[in-house]
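1. I'll drop the sequence and a predicted model, then ask my questions.
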Amino acid sequence: MPRSSKHFSVYWLWGLVLLLTAANVIGWFAQRESVYEAELASAMRGAEIATDAFAEETEQMFRQIDLVLRGIRAYHLRSGSIADTERYIDELRLDGSRIENGYLVDAQGRLVITHNPATVGRSVADRDYFSFHQATPQDQPFVSAVELGRATGKYLFRVTRRIDDAQGRFAGVALVTVKPAAIAEFYARLTKKDGSTAALISTRDRRVRARVPEPAPEAWARVLETPLWDKLRQSPSGRYSAKAAIDGVPRHFVYRAIPEWDMVVITGIPQALVQARARQQLDQYAVAMAGFNLVLVGLALVLTYIDRQRRHVKALNRQQEAMLDNDLIGITKLKDRHALWVNRALERMFGYEPGELESHPARLLYPDDASYEALGAAAYPVLAAGGSYRTQQRLVRKDGTPIWVDMSGALVSPESNESLWMMLDITAMKEQHAEVEQIAFHDLLTGLPNRVLLADRLRQAIPLTQRMDRLLAVCFIDLDGFKAVNDRLGHAAGDRLLQVIAQRLRDCMRSNDTVARLGGDEFILLLTQLHTRAECSQVLARVVKAIGEPVDLGQGETGRVSASIGVAFCPDDGEDADQLLKLADGAMYAAKKAGRNKVITT
């Protein structure tokens, strides 16, 4: 009987080894799809953030370019002089960082203003932009295809507007030339060099206007055949997977349309990159499971030669410790939230010496009582019901350094209230995610919220204002005299002045208010939970005074600006975010016309 019992235990253990091996193989195949989908979801979230940032920056850049175009056209119509208009373009001091130069074309398609005297009088009547404006009476901008400039010898595209005479007849075209690299330079800052791409494509002619990495010269003229066009008919933003039309590489794409300019921004992540990351995780899983199975095989071989009773139990305990005490994942066994056992990886993760955490409460790992109590309230009811609990939690090392941990737990013994917790340090991943969000949602110069984050906060503030029966003030600020400081002392001094003004605006705000930068010298204030308009006036009085104070610009130079402010109120002036911004913008222009350094409400 003892012999039969011994043989039964050995056979049972070898059967368990085979069963677990089969389970691990099946688990590996089952996880392939879920691991790939998780990696793809993570990659696409990053691509969506980058695409939104690209679209916002591109839209702002085209609006700035359009302001230059409108200025050239307005000055020419007012002066009626080619020579005066040419001097005006020269005084704009276009440095070539974005706009290469400004031009003027007459009604017959001849260049009448150009930076190269040898090209004056040259005909551009065969160009797409001239034909478009000649045939289109509406006042709308046009972005031409990328071409090799006849005079410059560089790849450029043109942004143009139609000029009409006093009788409304076609009188020519105002245009500026733009380098594709001016747009690609910003895209490159957020695009990793791992086969990922970012591009600006015209929805009018389906050709590329800018791309990272830069395409081959022949690609500029190629009409792109891509599923993007079907997707755009369904939604102005979204995602899809296909072979790239430029280089044929299979990628996952995120797109966002810019309807005002007939453009779309698109970001692509290589399918091979996502697959490689998924394979890396699966390989790690396979190695871990192979090691686990090898240990089980070894245990079975040992148990073949030793006693079935006491030695068998001890061998299992040693094997359990070998599995739990790994170098990658921190593991602890808790009883009533006190550590019964801690592996070396968890001790190293939190900076404790061997054995230092045992018998101590888990509270040592939390930054405060509130977070400790909150996790207990959320996790232990789930564990008591037989489930597992997983979350990402901010904890602290022994020296007080904060650390982000992906932690998961399960109940081991309901009778003794013992639970097993596994922890993985994800601090680096969290920091990278925070850095991407900072770039996507904040102005790079001042650190203030940008247009994207402003729109989100305004959309959230309007319903809150309605529920609380309060007022919301949207304040549009334009700095008076900023251009003079910028022209006199240079861009570095102008940037310094904008940074100081941004900090002063922060100091004037209440804790529940928002200050954002739209671009250039334009700022927006969101003043929430106002009881009366007088509260808004008090805040703006501080703002006007703070902006008007002198600014030390270094090297003995001082700058001073004032502010023209337009204000719109919700719900008095409406409850639509875009409408409130337009009303505040109009009130600001009224303040400008009224003599500047004024506050005007709608």
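-> Perfect, thanks for sending it. Numbers count the residues shown, from 1 in each chain.

2. low-confidence ranges in the stretch 101-250 of the chain?
-> Residues of the stretch 101-250 of the chain meeting the criterion pLDDT under 70: 150-152.

3. helices of that one, residue ranges please.
-> Counting by DSSP state H, counting those that start in this stretch, the stretch 101-250 of the chain has helices at residues 128-135, 180-190, 228-234.

4. out of these, nearest to residue 65?
-> helix 180-190 (9.6 Å; Cβ to Cβ). Quick note: C-beta positions are derived from backbone N, CA and C, even for glycine.

5. would you mark the buried spots in the closest one?
-> Under the neighbour-count criterion of 16 or more other Cβ atoms under 10 Å, helix 180-190 has 180, 181, 182, 183, 184, 186, 187, 190 buried.

6. not counting residues beside it along the chain, what's closest to the fourth one?
-> Nearest non-adjacent residue to residue 183, counting by Cβ to Cβ, 6 or more residues apart in numbering: residue 210, 3.8 Å away.

7. scan the chain for its longest strand.
-> The longest strand of the chain (DSSP state E) is strand 402-413.

8. ok, then the element right after that one?
-> Heading C-terminal from strand 402-413, the first helix or strand you meet, by DSSP states H and E, is strand 418-425.

9. show residues contacting that next one.
-> Contacts to strand 418-425, defined as Cβ atoms under 8 Å, 6 or more residues apart in numbering, come from residues 328-335, 340, 346, 349, 380, 383, 403-412.

10. residues touching the closest residue to residue 98 other than its chain neighbours, list them.
-> Residue nearest to residue 98 in three dimensions, not counting chain neighbours: residue 182, with 4.3 Å by Cβ to Cβ, 6+ apart. By Cβ under 8 Å, 6+ apart, residue 182 lies in contact with 61, 97, 98, 210.

11. dump those to JSON lines, plus secondary structure and neighbour count.
-> Converted to JSON lines, these look like this (DSSP: H, G, I helix; E, B strand; the rest coil; neighbours: other Cβ atoms under 10 Å):
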{"residue": "61", "secondary structure": "helix", "neighbour count": "18"}
{"residue": "97", "secondary structure": "coil", "neighbour count": "11"}
{"residue": "98", "secondary structure": "coil", "neighbour count": "17"}
{"residue": "210", "secondary structure": "strand", "neighbour count": "26"}
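
12. where is pLDDT lowest across those?
-> In terms of pLDDT, residue 97 ranks lowest among these, with 75.

13. measure the closest residue to it other than its chain neighbours to residue 99 for me?
-> Nearest residue to residue 97, sequence neighbours excluded (Cβ to Cβ, 6+ apart): residue 182, at 6.5 Å. Using Cβ to Cβ, to the nearest Å, residue 182 is found at 8 Å from residue 99.

14. low-confidence stretches in the protein?
-> 1-11, 13-14, 17, 20-32, 150-152, 282, 284-293, 295-328, 433-440.

15. how about the helices of the stretch 101-250 of the chain in a markdown table, adding distance to residue 268?
-> Below are these laid out as a markdown table (distance: least, Cβ to Cβ, whole Å):
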| stretch | distance to residue 268 |
| --- | --- |
| helix 128-135 | 27 |
| helix 180-190 | 12 |
| helix 228-234 | 11 |
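
16. among the ones you listed, which is nearest residue 548?
-> Distance to residue 548, taken as Cβ to Cβ, is lowest for helix 180-190 among these, at 33.2 Å.

17. quick one: which of the helices of the stretch 101-250 of the chain is nearest residue 259?
-> helix 228-234 (9.8 Å).

18. contacts for that closest one?
-> Contacts of helix 228-234 (Cβ under 8 Å, 6+ apart): 201, 203, 206, 238, 240, 253, 255, 257, 264, 266.

19. residues contacting the third one?
-> Same thing as residue 206. Per Cβ under 8 Å, 6+ apart, neighbours of residue 206: 223, 224, 229.

20. who wins for neighbours among the contacts of helix 228-234?
-> The most crowded member of those, judged by other Cβ atoms under 10 Å, is residue 266 (28 neighbours).

21. just to check, residue 345 is in contact with residue 352?
-> No - checked against Cβ atoms under 8 Å, the pair residue 345 and residue 352 is beyond contact range at 11.5 Å.

22. thinking again about what came up before, and which of the contacts of residue 182 is nearest residue 372?
-> residue 61 (48.4 Å).

23. so which residues of the stretch 351-500 of the chain form strands?
-> 388-396, 402-413, 418-425, 471-480 (DSSP state E, counting those that start in this stretch).

24. now those as a markdown table including mean neighbour count?
-> Converted to a markdown table, those look like this (neighbours: other Cβ atoms under 10 Å):
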| stretch | mean neighbour count |
| --- | --- |
| strand 388-396 | 16 |
| strand 402-413 | 17 |
| strand 418-425 | 20 |
| strand 471-480 | 24 |
